[in-house]
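Asker: Predicted model and sequence below, questions to follow.
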Amino acid sequence: MKNQFEFYEVVVISENDDADLRGLEGQRGAVLGMSQNDETKHWVYSVSLDSTGNLWNVGEENLEATGEAKSRSDFYSGESVKVKVDPETGEGSFG
């Protein structure tokens, strides 16, 4: 089964019976992650809410499309950090 939503697509959490999502109905956010259960083929999306920036894992059946999308740069700066790892200790340090 193909995923219904794409990365950075703007979605709305729909009315649902999921106790974990109680109070989030109508909240808008963007898809930043997705995974599919190998057995059930059910899709779950990590949605960054516009109101808080917090990520929520939401089942596909609890999301509605808006027809809008954001871009990767709205969430990620493109900066990176280099870390050196000591092979003896496994400890990392910025370098």
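Answerer: Perfect, I can see it now.

Asker: I'd like to know which elements the lowest-mean-pLDDT helix or strand in the chain is packed against.
Answerer: Here the helix or strand of the chain ranked lowest by mean pLDDT, DSSP states H and E is strand 92-94, holding a mean of 88. Judged by 3 or more CB pairs under 8 Å, 6 or more residues apart in numbering; DSSP states H and E, strand 92-94 is in contact with strand 83-85. No exception for glycine: its C-beta is placed from N, CA and C like everyone else's.

Asker: one step back: how about the least confident helix or strand of the chain: buried residues?
Answerer: By neighbour count with 16 or more other CB atoms under 10 Å, strand 92-94 contains no buried residues.

Asker: Provide the strand pairings for it, with the direction of each partner.
Answerer: Sheet partners assigned to strand 92-94 using DSSP bridges are listed as strand 83-85 (antiparallel).

Asker: Dihedrals phi and psi, Ser14?
Answerer: Taking degrees, to the nearest 10, you get phi -90, psi 170 for the backbone angles of Ser14.

Asker: host element of the spatially closest residue to it that is not a sequence neighbour?
Answerer: Nearest in space to Ser14, with sequence neighbours left out and distances taken as CB to CB, 6 or more residues apart in numbering, is Glu64 at 4.9 Å. According to DSSP states H and E, Glu64 maps onto strand 63-69.
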